[in-house]
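**Student:** how does the following fold in three dimensions:
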Amino acid sequence: MIDDKQRWNERYLENPMPQTVSPLVEKYVNHAKVGNAIDVACGTGRNAHYLAELGFIVDAVDISDYALGRVKNSSTITKIDADLDKYNLIPNKYDLIVNINYLNRRLVSQMKDALKSGGIIIFETFIVAHGDFNLPTTNLDFLLRKNELLHSFIGLDVIYYEEKIDINLKGEKIKIASLVAKKI
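**Tutor:** Okay, here's the model as predicted:
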């Protein structure tokens, strides 16, 4: 059986990801106080690089050492090679948490605790849509259900929430949920 690190390394080798910042991050980053940030499942660092350019001190976490090798060496980016199934977020550390195209339900409550008062979370990932667009069935553990993301962050002040149809990097129709929220 192939382990997660090897699977993700192969995925990044076979399908290089674009280095353009997530539009959601770009649009809502100004709601966060510039300070400590974490890019959860950062991949090759597209969002981490952008945050560092804005002055954030960024923890860039991913299981793929291949992807982390593409994250720029910078005094403002700490690369963390970690399995997010085992990694734990530090409570009350972050002014900004970015989680794009990744779902690990175990980390959701940790994210709320890891935000400082006034901290912002920017979270966007895929919703169950099999059958809707003739896509192959994927592991449902990694797909949100309708309104799940919104319900997962009850207790935070929601700035923006949307579930919509979008187009992925392969040109396929997909469903995504997007949330921006602030810890009071």
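**Student:** use CA for all of it now, contacts and neighbours both
**Tutor:** Fine.
**Student:** secondary structure class for the residue lying closest to residue 50 once chain neighbours are set aside?
**Tutor:** Nearest non-adjacent residue to residue 50, counting by Cα to Cα, 6 or more residues apart in numbering: residue 21, 6.7 Å away. What DSSP: H, G, I helix; E, B strand; the rest coil gives for residue 21 is coil.
**Student:** so what's the residue count around residue 21?
**Tutor:** Residue 21: 15 surrounding residues under other Cα atoms under 10 Å.
**Student:** name the helices or strands packed onto the strand or helix carrying residue 120?
**Tutor:** Secondary structure from DSSP states H and E places residue 120 in strand 115-126. On a contact count with 3 or more Cα pairs under 8 Å, 6 or more residues apart in numbering; DSSP states H and E, strand 115-126 meets helix 23-28, strand 94-100, strand 173-182.
**Student:** please identify the most buried of these.
**Tutor:** Highest mean neighbour count among the helices and strands packed on strand 115-126 (mean count of other Cα atoms under 10 Å): strand 94-100, with a mean of 25.
**Student:** so residue 93 sits against residue 111, correct?
**Tutor:** No - here residue 93 lies out of contact with residue 111, judged by Cα atoms under 8 Å, at a distance of 10.0 Å.
**Student:** still on that earlier bit, tilt between the strand holding residue 120 and strand 94-100?
**Tutor:** 10 degrees (axes from the mean of the first three to the mean of the last three Cα atoms, to 10 degrees).
**Student:** now the very next helix or strand once past strand 115-126: buried residues?
**Tutor:** Past strand 115-126, further along toward the C-terminus, the next helix or strand under DSSP H and E is helix 148-152. Neighbour counts over helix 148-152 (16 or more other Cα atoms under 10 Å) mark 149, 150 as buried.
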